[in-house]
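In: For reference, the sequence and a predicted model appear below.
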Amino acid sequence: MYDLGLGNISYENAWVTLNLSRYPQLPILSIYLPALIVVVSSWLAFLLPEREAGTKLSIGVSSFLALLMITAYAEKQTPKAPYIRGHDLFFGFCFATMFFSLMTHIHNRIFGMQNVTPSGKPKIRSCSTLSWFLLSLFLFNALYWPTIMYISGYL
């Protein structure tokens, strides 16, 4: 029996109830939104002409480094866990799409010179490639966010 200092009343058991809640706005504004902006801005290189290969590569590499810094910030702000977390999947998708966009630029640069029309213009359509990347971003987020919200208990 523990005396809680309440006079002659003593209790054998004591219960403490803690109601904890999270505010998802901070991670969305400080981690997810900047990462999405960096990824989409790296895809804007698809709108540049094919002769701007150096510019496309520099945009891709600098975007990749910016996403790496956002990932490092996210890792520093979240607790360590021995399993895959939700933002690990999100950043994995971001890195994969940026890697594939860089590989698309390199492929277009190497093989694009061989696929030229008689007027000298390349046959590769970068806007259709950009639309595939945007579609993949939309589909991933359409699956990712409802799943994360359901697991977190917000839905």
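Out: Yes, it's here.

In: CA atoms for contacts and neighbours, from now on please.
Out: Will do.

In: what residues are up against residue 82?
Out: The contact partners of residue 82, by CA atoms under 8 Å, 6 or more residues apart in numbering, come to none.

In: and it, that's in a strand?
Out: No. Counting by DSSP: H, G, I helix; E, B strand; the rest coil, residue 82 is not found in a strand; it is coil.

In: any idea how far it is from residue 88?
Out: Counting by CA to CA, to the nearest Å, the gap from residue 82 to residue 88 is 12 Å.

In: Run a quick neighbour tally on residue 72.
Out: Using other CA atoms under 10 Å, residue 72 has 11 other residues around it.

In: That one and residue 93, how far apart?
Out: Residue 72 sits 16 Å away from residue 93, going by CA to CA.

In: Spell out which residues are contacts of both of residue 82 and residue 88.
Out: Shared contacts of residue 82 and residue 88, counting by CA under 8 Å, 6+ apart, come down to nothing at all.

In: residue ranges of the strands in this structure, please?
Out: Secondary structure of the chain by DSSP state E: the strands cover 2-6, 9-11.

In: The ones you listed: lowest mean pLDDT?
Out: With a mean of 56, strand 2-6 has the lowest mean pLDDT of the strands of the chain.

In: got a pLDDT number for residue 110?
Out: The score at residue 110 is 74. That number is its pLDDT.

In: Please apply the same query to the one 4 residues further on.
Out: In the prediction, the pLDDT value recorded for residue 114 is 55.

In: shaky segments in the protein?
Out: 1-11, 112-128, 155 (pLDDT under 70).

In: Repeat the analysis, applying 80 as the threshold.
Out: Across the chain, residues meeting the criterion (pLDDT under 80) sit at 1-14, 20-26, 49-51, 53, 105-131, 152-155.
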